[in-house]
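>>> Let me see the structure of the following:
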Amino acid sequence: MNNARNKKSTAYENLKKKIISGLLQPGEPLSEGTLSKEFKISKTPIREALQRLERDGFVEDIQVEGVLSQESPSRTLKSSSRFANLGV
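Numbers count the residues shown, from 1 in each chain. This next block holds a predicted model:
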């Protein structure tokens, strides 16, 4: 348990330093998967660190909610293509 706490604290401190120093720019998206690879730890401590950073005002979690219409296959294809271009 102490090891997990250390990983979470280390991730939190490293991300906080990157934000404060400007290595992470305002509005830059943060991916749990990318960060877990960068820090060589699992996604759980990254997720917990991001939650703490949000509570402390360093990051903002923006929930994107959307529903794809299934009225016709051509409309679904157009919607899927639009999201693919956005990297979603």
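
>>> In the chain, where's the longest helix?
Across the chain, the longest stretch assigned as helix under DSSP state H is helix 2-21.

>>> I'd like to know which elements the helix or strand just after it is packed against.
As assigned by DSSP states H and E, the chain's next helix or strand after helix 2-21 is helix 32-39. In terms of contacts (3 or more CB pairs under 8 Å, 6 or more residues apart in numbering; DSSP states H and E), helix 32-39 is packed against helix 2-21, helix 43-55. In short, each C-beta sits where N, CA and C put it, glycine included.

>>> just so I know, which of those helices lies nearest S36?
Of all these, helix 43-55 sits nearest to S36, with 4.7 Å by CB to CB.

>>> Which secondary structure elements does that closest one sit against?
Right, helix 43-55 is packed against helix 2-21, helix 32-39 by 3+ CB pairs under 8 Å, 6+ apart.

>>> Name the residues of the longest helix of the chain that are buried.
K7, K8, A11, Y12, L15, K16, K18, I19 (16 or more other CB atoms under 10 Å).

>>> okay, now the closest residue to L35 other than its chain neighbours: neighbour count?
Excluding the flanking residues, the one nearest L35 by CB to CB, 6 or more residues apart in numbering is I46, at 4.8 Å. Per other CB atoms under 10 Å, the neighbour tally for I46 reads 25.
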